[in-house]
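K.L.:
Prediction below, plus the sequence it came from.
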Amino acid sequence: MNCATFIMVAASLLSWADSFYHHSSKGKEKELQYLVEPPVYPAVMARRGENITLPCVMQTKPSHYRVKWTKLDPLRQGVQNIILISNGHADKHYGVLGPRASLRRAHALDLSLLLFGLELEDDGQYRCELINGIDDENVDITLGIEGVVFPYQSSRGRYKLNYNDAKEACEKQDGTLATYMQLYKAWTEGLDWCNAGWLNDGTVHYPIIHPRPACGGELLAGIRSYGPQHRTKEHFDAFCFTSTTEGSVFYVPGVLNFSEALHACKKEGATLARVGQLYSSWKFLKMDQCDGGWLQDGSVRFPITNPRKRCGGISEAGVHSFGFPKQSVRIYGAYCYR
Ligand SMILES: *[C@@H]1O[C@H](CO)[C@@H](O)[C@H](O)[C@H]1NC(C)=O
Ligand SMILES: *[C@@H]1O[C@H](CO)[C@@H](O)[C@H](O)[C@H]1NC(C)=O
């Protein structure tokens, strides 16, 4: 790692801070006349599966208006993802979010949007736009999905995934490719990982809490950046993101090979757990099990919430991995999901 990398880290942190602090006032030269400018930078957090309200309220009502809710897509500038348009009487729903959206209408001045059954992809920025013919106004609101970031490596080894493979790998593990903000938050919470992985914007990063020679040398702690990379030619690992799940993960003890583990879960009316599901149970249900168990992708892992001497002297909470053992090996139990 070199000086250029460090500059890229600094630059990406700056542009992050820039978009964080200036986002809500971007493109607004004049005072709002109708909509209430929120007193603080508006962000709401919720988990997958939950319902949420994105607040937007008028201070005074124009005689005629329409309200338009859109989801902003920083990866596709200029594309408008309309969710809902209302003239105050009738609502029209659009796109993938439309069927899960409606106006709250808690009172005469309420334009807030209700979103039902949140999905991982709903994370992002939303815009409430009042269309009045002359003075169109808008406020932006950030919706953050509360979840957990996990690094993912192919069973074929380190740095085997191009962007599309990485995206697919996360989806197979009940996740999505993480955003930079999600990785950043995970880093503040302690994620330290010495392998670079794809993020959903096509950039490649890795988060370091404890700088060490084997890991970019004496650079400062932070999110190290390789910047944008070629999506089909370049190969790295992935940073996946997941949130709460409907079901939960449980451990079935035994000395099972991989196919026996599959059967053990089936007998319980369950399936072998995906990696994201195990991380979700660790994060949200505080799962703690000092036994390696097979997962659906053929890896063997175990979740630790309370690190202890009697569990291999593991000093850090987290989901630990034994990699991808040969499927005939009979040492481990099974992590099932139901
Ligand atoms: C979300 O709203 C729907 C419809 O009103 C309701 O059936 C469901 O229980 C709600 N879910 C949660 C998690 O509150
Ligand atoms: C696991 O063991 C069973 C016998 O209990 C055997 O039939 C099966 O082929 C083994 N599977 C693997 C992947 O080694």
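P.N.:
On my side now, so go ahead. Everything quoted here is computed from the prediction, not taken from an experiment. Numbers count the residues shown, from 1 in each chain. Ligands and ions are numbered 1, 2, ... in the order given.

K.L.:
alpha carbons only for contacts and neighbour counts from here, please
P.N.:
Will do.

K.L.:
Could you count how many residues lie near the residue in the stretch 1-150 of the chain that ligand 1 sits nearest to?
P.N.:
Nearest to ligand 1, among the residues of the stretch 1-150 of the chain, is Glu50, at 4.2 Å (C-alpha to the nearest ligand atom). Neighbour count for Glu50, taken as other C-alpha atoms under 10 Å: 13.

K.L.:
pretty sure it is touching Leu114, no?
P.N.:
No. At 10.8 Å, Glu50 does not count as touching Leu114 under the criterion of C-alpha atoms under 8 Å.

K.L.:
What ranges does the stretch 201-338 of the chain have for its helices?
P.N.:
With DSSP state H, counting those that start in this stretch, the ranges of helices along the stretch 201-338 of the chain come out as 258-267, 275-285.

K.L.:
Can you tell me which of those is nearest to Met181?
P.N.:
helix 275-285 (18.1 Å; C-alpha to C-alpha).

K.L.:
picking up where we left off before, quick one: which of the helices of the stretch 201-338 of the chain is nearest ligand 1?
P.N.:
Of all the helices of the stretch 201-338 of the chain, it is helix 275-285 that lies closest to ligand 1, at 15.2 Å by C-alpha to the nearest ligand atom.

K.L.:
List the buried residues of the closest one.
P.N.:
Neighbour-count burial for helix 275-285, with 16 or more other C-alpha atoms under 10 Å as criterion, is recorded at Val275, Gly276, Gln277, Leu278, Tyr279, Ser280, Ser281, Trp282, Lys283.

K.L.:
Outside of it itself, list whatever touches it.
P.N.:
147-148, 150, 173-175, 241-245, 248-249, 287-288, 295-297, 303-305, 318-319, 335, 337 (C-alpha atoms under 8 Å, 6 or more residues apart in numbering).

K.L.:
Can you name the residues of the stretch 101-250 of the chain that neighbour ligand 1?
P.N.:
Phe116 (C-alpha under 6 Å from any ligand atom).

K.L.:
Tell me how the chain divides into domains.
P.N.:
3-11+147-242, 31-145, 249-337 (automatic domain parsing).

K.L.:
I'd like these laid out as a markdown table, including mean pLDDT.
P.N.:
Formatted as a markdown table, the domains of the chain follow (pLDDT from 0 to 100):
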| stretch | mean pLDDT |
| --- | --- |
| domain 3-11+147-242 | 91 |
| domain 31-145 | 91 |
| domain 249-337 | 96 |
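
K.L.:
TSV for those domains, including distance to ligand 2?
P.N.:
TSV is the format used below for these (distance: least, C-alpha to the nearest ligand atom, whole Å):
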stretch	distance to ligand 2
domain 3-11+147-242	15
domain 31-145	33
domain 249-337	3
